[in-house]
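**Q** one predicted model, sequence on top.
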Amino acid sequence: MLIDTGEGISAYQPLLSSLLESENCTIGPVLITHWHRDHIGGINQITELCPEATFSKFYHSNDDGEFLPIWDGDEFAVEGGKVKAIHTPGHTTDHIAFFMDDSGILFTGDSVLGQGTGVFENLTTYLSSLKKQLEFNPKTIYPGHGPVVHHAKDKIEEYIRHRQQREDEILKIFKDAGVDAQLTPMHIVKIIYAKYPQSLWPAAERGVVLHLEKLKDEGKANKVDGGKWNVHNSGTHFDFWNFLIF
């Protein structure tokens, strides 16, 4: 069983071939965490090595039949291992993590990384997916990028706290600006990321927008004219951390 296929670089196929030869095995089911190129780019390489391999991904209406469908809770087994699929949208709508119950190993794709924090399309669903993965009580995380994480629950809880910290910082800025304040996301970025290089501000601005959209979903914020936002309730529970990442 293989989870994801890499991005299709030339070094991948001989490396995989060497591993299969040393283990005297072939590949049956290939499970895809999500549609991004760096996770599906090696499909043709695997097909050349293992023509019998099958490719499965969480069903999406835009899929053209290239993949067998995966649904939340589906189980996949080969000799020596079994994983359960966990639908974890947020990074992408089709994102899937895979859990090995007997060992407590969680394959997180891009929902949790080995270092830094994840990128997401929708913060509300992303946070829900983090909490969903936490409920499986994982011991070890094998992420799509970065080193293995040996304290899985601590890492997931860190991700959740970090997002809450960022939300608290945003709400505090509105509170300090006064009742009925209308602020642009970049105004918020210039305060939170004042000590960071300006080259990072556009990426930070996108993150702030996603936080504001989450607050809008919760009925706590509105987008007004000129790309500005306001919040309905500027109260916040603020929890300072001694680091800033995004």
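**A** Received it, and whenever you're ready, just let me know what you need.
**Q** break this protein down into its structural domains.
**A** Split into domains by automatic domain parsing, the chain comes to 2-150, 159-231.
**Q** now do the longest one: distance to the chain's middle.
**A** On the basis of CA atoms, centre = their mean, to the nearest Å, the separation between the geometric centre of domain 2-150 and that of its chain is 12 Å.
**Q** oh, and call the first residue 242 from now on, that's how I've got it
**A** Sure, I'll start counting at 242 from here, so that last one is domain 243-391.
**Q** re earlier: I'd like the domains of the chain as a markdown table, with mean neighbour count appended.
**A** Where you see a C-beta, it was placed from the backbone N, CA and C, and this is true even at glycine. Written out in a markdown table, the entries for those read as follows (neighbours: other CB atoms under 10 Å):
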| stretch | mean neighbour count |
| --- | --- |
| domain 243-391 | 17 |
| domain 400-472 | 16 |
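**Q** scan this protein for its longest strand.
**A** Counting residues, the longest strand found in the chain (DSSP state E) is strand 322-328.
**Q** the inter-axis angle of the helix or strand just after it versus strand 322-328?
**A** The helix or strand immediately downstream of strand 322-328 is strand 337-341, counting by DSSP states H and E. With axes from the mean of the first three to the mean of the last three CA atoms, to 10 degrees applied, the angle from strand 337-341 to strand 322-328 works out at 150 degrees.
**Q** by contact count, what packs against strand 337-341?
**A** strand 270-273, strand 322-328, strand 346-350, helix 364-375 (3 or more CB pairs under 8 Å, 6 or more residues apart in numbering; DSSP states H and E).
**Q** try 10 Å this time
**A** For strand 337-341, the elements it packs on are strand 243-244, strand 270-273, strand 295-299, strand 316-319, strand 322-328, strand 346-350, helix 364-375, strand 381-384, judged by 3 or more CB pairs under 10 Å, 6 or more residues apart in numbering; DSSP states H and E.
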